[in-house]
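Peer 1: sequence unavailable; structure follows:
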């Protein structure tokens, strides 16, 4: 067992979360990082935040750590590899998906032949794909756009098989960006049988990024949000107040969410405040040692529970929404 939590974390869990969480939770946003999928000169051991985990993060490790972080809760998850062009994306697709508790998504580059992607999806019984900006089509002198994430052939395949695409939208302004929102809607309209799960509520880690924009996607039944790494209570409240709750999925961004820290809004920006020097996103390192931190996961749970959602809504958000989506995709799609 990897020791990533401490006695203070356990005390916080017992005081704040024990008995308040549903018996089952589905984490719809987990990065599974395996050394075997990397070339020798680009080992994931060099990724700073993986150091406490032994340089990689497997499904087994994830479930074991959840046993420590959320004792007594039965966990399910949807996982995908760490998005990097040097990763063997076919190998990283082998997640051991049983499509009961463990669901898998294939990393997707716009440079991947569509036949290879479909073959991997069928071989490993996957529920869909996870594209990313650094794996998109690159045009010199132009910032990557959402439509660069896929080729038309890839999108047609996803639509034909009725699969899921978990999408971390690009560009500095995130959900505030009118081009992003226009292309998100374009994808939803043109490919109605693809379920587009827009990660991190469209990267809305601060209030201005969500207000007035989340609402625009209510009319698209194949648009969903996941809440990975969102611990901003105002953003979560706005989303639940302005979007169908059955299309909001709990997600964490594990293993990053297992580290200690908190995401904070600063002047319409956000930063991760952390006590340790891990290199990801916008991090502010607190070297004072005067503040106690809990895992980002616990900060997410605090923010959700502070909304005082009705118990059925809470249970749907934490488990039923994602579980029903993933199981229905498998049943109605390519496994017929």
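Peer 2: Looks like it arrived, so ask away. Owing to the predicted nature of the structure, the values given are computational and were not obtained by experimental measurement. Numbering: from 1, shown residues only.
Peer 1: ok, residue 170 touching residue 180?
Peer 2: Yes. Residue 170 is within contact range of residue 180, at 7.1 Å (criterion: Cβ atoms under 8 Å). Heads up, the C-betas are built off the backbone N, CA and C, glycines and all.
Peer 1: overlap of the contact sets of these two?
Peer 2: Here residue 170 and residue 180 have residue 146 as joint contacts, going by Cβ atoms under 8 Å, 6 or more residues apart in numbering.
Peer 1: which stretches in this structure count as strands?
Peer 2: 24-31, 74-80, 102-108, 128-131, 164-167, 195-198, 223-226, 248-249, 262-265, 270-274, 283-285 (DSSP state E).
Peer 1: helices or strands next to the third one in the packing?
Peer 2: Here strand 102-108 touches strand 74-80, helix 89-92, helix 114-123, strand 128-131, strand 164-167, going by 3 or more Cβ pairs under 8 Å, 6 or more residues apart in numbering; DSSP states H and E.
Peer 1: could I get the buried residue list for the second one?
Peer 2: So the one you mean is helix 89-92. 89, 90, 92 (16 or more other Cβ atoms under 10 Å).
Peer 1: the helix or strand of the chain with the lowest mean pLDDT pairs with which strands, and in what direction?
Peer 2: Each helix and strand of the chain was given a mean pLDDT (mean pLDDT, DSSP states H and E); the minimum falls on strand 283-285 at a mean of 90. Sheet pairing of strand 283-285 (DSSP bridges) gives strand 270-274 (parallel).
Peer 1: now the partner strand: how far from the chain's centre is it?
Peer 2: 18 Å (Cα atoms, centre = their mean, to the nearest Å).
Peer 1: check stretch 293-310 too.
Peer 2: 16 Å.
Peer 1: next, the buried residues of that stretch.
Peer 2: The neighbour-count check on stretch 293-310 (16+ other Cβ under 10 Å) flags 293-304, 309 as buried.
Peer 1: likewise for stretch 91-101?
Peer 2: Neighbour-count burial for stretch 91-101 [16+ other Cβ under 10 Å]: 92, 93, 94, 95, 97, 99.
Peer 1: likewise stretch 276-285?
Peer 2: 276, 278, 283.
Peer 1: equivalent analysis for stretch 223-237, please.
Peer 2: Neighbour-count burial for stretch 223-237 [16+ other Cβ under 10 Å]: 223-233, 235-237.
Peer 1: with pLDDT and distance to residue 104 as added columns, please give these in JSON lines.
Peer 2: Formatted as JSON lines, the entries for those read as follows, by pLDDT from 0 to 100; distance: Cβ to Cβ, whole Å:
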{"residue": "223", "pLDDT": "98", "distance to residue 104": "22"}
{"residue": "224", "pLDDT": "98", "distance to residue 104": "18"}
{"residue": "225", "pLDDT": "98", "distance to residue 104": "21"}
{"residue": "226", "pLDDT": "98", "distance to residue 104": "16"}
{"residue": "227", "pLDDT": "98", "distance to residue 104": "20"}
{"residue": "228", "pLDDT": "98", "distance to residue 104": "17"}
{"residue": "229", "pLDDT": "97", "distance to residue 104": "21"}
{"residue": "230", "pLDDT": "97", "distance to residue 104": "23"}
{"residue": "231", "pLDDT": "97", "distance to residue 104": "26"}
{"residue": "232", "pLDDT": "97", "distance to residue 104": "29"}
{"residue": "233", "pLDDT": "97", "distance to residue 104": "32"}
{"residue": "235", "pLDDT": "98", "distance to residue 104": "28"}
{"residue": "236", "pLDDT": "98", "distance to residue 104": "27"}
{"residue": "237", "pLDDT": "98", "distance to residue 104": "32"}
